[in-house]
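Undergrad: just the structure for this:
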Amino acid sequence: MTDPVRVSVYIDPSCPWTWIIAAWLREVAPQRGLMLRWRSLSLVQRDGTELPPSMLPQQVPGRQEVTTSVSSHPGG
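TA: This next block holds a predicted model:
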């Protein structure tokens, strides 16, 4: 038995593309021997841009809950 491959997964809770890849990784991780470590990041902060008004935290239902869920996930 080989050691699992450790993979750090950085997701932006407001980006639907990161949720798609996260779901895929959760599915394939056991089959590929991956140990996932979940991390959150903000593409807006990274890129130095501002959120459009429609994406402000009060406008996006569940955004804080998603961030909390990701950071409390085992291995995260």
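
Undergrad: remind me, longest helix of this protein?
TA: helix 16-32 (DSSP state H).

Undergrad: that one: what's the following helix or strand?
TA: Once helix 16-32 ends, the next helix or strand along the chain (criterion: DSSP states H and E) is strand 34-40.

Undergrad: going by neighbour count, list what's buried in the longest helix of the chain.
TA: 18, 22, 25, 29 (16 or more other Cβ atoms under 10 Å). All C-beta spots, glycine's among them, are computed from the backbone N, C-alpha and C.

Undergrad: okay, those in JSON lines with pLDDT and distance to residue 8 next?
TA: Shown next, in JSON lines, are the buried residues of helix 16-32 (pLDDT from 0 to 100; distance: Cβ to Cβ, whole Å):
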{"residue": "18", "pLDDT": "84", "distance to residue 8": "13"}
{"residue": "22", "pLDDT": "89", "distance to residue 8": "12"}
{"residue": "25", "pLDDT": "92", "distance to residue 8": "11"}
{"residue": "29", "pLDDT": "94", "distance to residue 8": "13"}
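
Undergrad: what's the closest of those to residue 3?
TA: residue 29 (14.1 Å; Cβ to Cβ).

Undergrad: from residue 18, how far out is the closest residue to the closest one other than its chain neighbours?
TA: Spatial nearest neighbour of residue 29, excluding adjacent residues (Cβ to Cβ, 6 or more residues apart in numbering): residue 36 at 5.4 Å. In this view, residue 36 and residue 18 are 13 Å apart by Cβ to Cβ, to the nearest Å.
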